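Peer 1: sequence first, then the predicted structure:
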Amino acid sequence: MARPRASQSPKAALPMPRPPRPLPPPLPVALLERPLDYLMAEHHRHRSYLAGLRYAATQAEIQRDQAVRLHAFLASELPLHWADEEQDLFPILRRLALPEDGLAEVLARLSEDHAMNEALVRAIDQGLSTILNADHDPVPLERRLCGMMLTYSTREGRHLAVENAVVLAIAGVRLRKAELHGLSAAMKARREAFHVADA
Ligand SMILES: [Fe+2]
Ligand SMILES: [Fe+2]
């Protein structure tokens, strides 16, 4: 008679998720002088936030202070980053990239990701916003919210890999001093306008 084996349990097959490292501090404003480095550094930060979302989703609960930081990221930092890419970097690259760069299709797919992720991020942020003032800590997370957090973190991880390996690599070759200066100015102005509106 076949005996049940502990190793067949689906739970036993899953590695225990490790708590993510603390979320990183904001980037220095001076780095905006080097806009491609700034975007790359933001991608690095985004990976920490994605790890935070993934960990909370796998635990189905979140510490309130972690929810506050993730909410700030989703509601403020991420829209600025998307605007940097959609309104400035991608249009410059569409103009300057050579046919042999093969960038047109890549940028089209990344723009589709941005559009698709916008609604998902809004829904996750809404879910997190409702627990910011909970009277207990940690706060349990609904299954549907956990599912959205996992979907987004997986999708966005792939998106970042393409942007780092393809888009920023080609931008480093094609953008000249004038475009880099224009991109830097636009990113600075966007953040100044955001903070004025936010004050
Ligand atoms: Fe990006
Ligand atoms: Fe992007």
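Peer 2: Yep, it's here. Numbers count the residues shown, from 1 in each chain. Ligands and ions are numbered 1, 2, ... in the order given.

Peer 1: going forward, measure contacts between C-alpha atoms and count neighbours the same way
Peer 2: OK.

Peer 1: please enumerate the strands of the protein.
Peer 2: If DSSP state E is used as the criterion, the strands of the chain fall at 61-62, 139-140.

Peer 1: tell me the spacing between the spatially most central residue of the chain and Gln63.
Peer 2: Averaging the C-alpha coordinates of the chain gives a centre point, and the residue nearest to it by CA atoms, centre = their mean is His46 (4.3 Å). Distance from His46 to Gln63, counting by CA to CA, to the nearest Å: 19 Å.

Peer 1: and Lys188, by the same measure?
Peer 2: Here the distance between Lys188 and Gln63 works out to 33 Å (CA to CA).

Peer 1: check Ser129 too.
Peer 2: Ser129 sits 13 Å away from Gln63 when distances are taken as CA to CA.

Peer 1: in the longest helix along the chain, what counts as buried?
Peer 2: Ranked by number of residues, the top helix in the chain under DSSP state H is helix 103-129. By neighbour count with 16 or more other CA atoms under 10 Å, helix 103-129 contains the buried residues 103, 107, 110-111, 114, 117-118, 120-121, 124-125, 127-129.

Peer 1: so how far is Trp82 from Arg176?
Peer 2: Between Arg176 and Trp82 the distance, using CA to CA, works out to 22 Å.

Peer 1: who's more crowded, those two?
Peer 2: Taking other CA atoms under 10 Å, Arg176 and Trp82 do not tie; Trp82 has more neighbours (16 against 11).

Peer 1: what sits closest to the more buried one if chain neighbours are left out?
Peer 2: Nearest residue to Trp82 in three dimensions, chain neighbours excluded: His114, at 7.0 Å (CA to CA, 6 or more residues apart in numbering).
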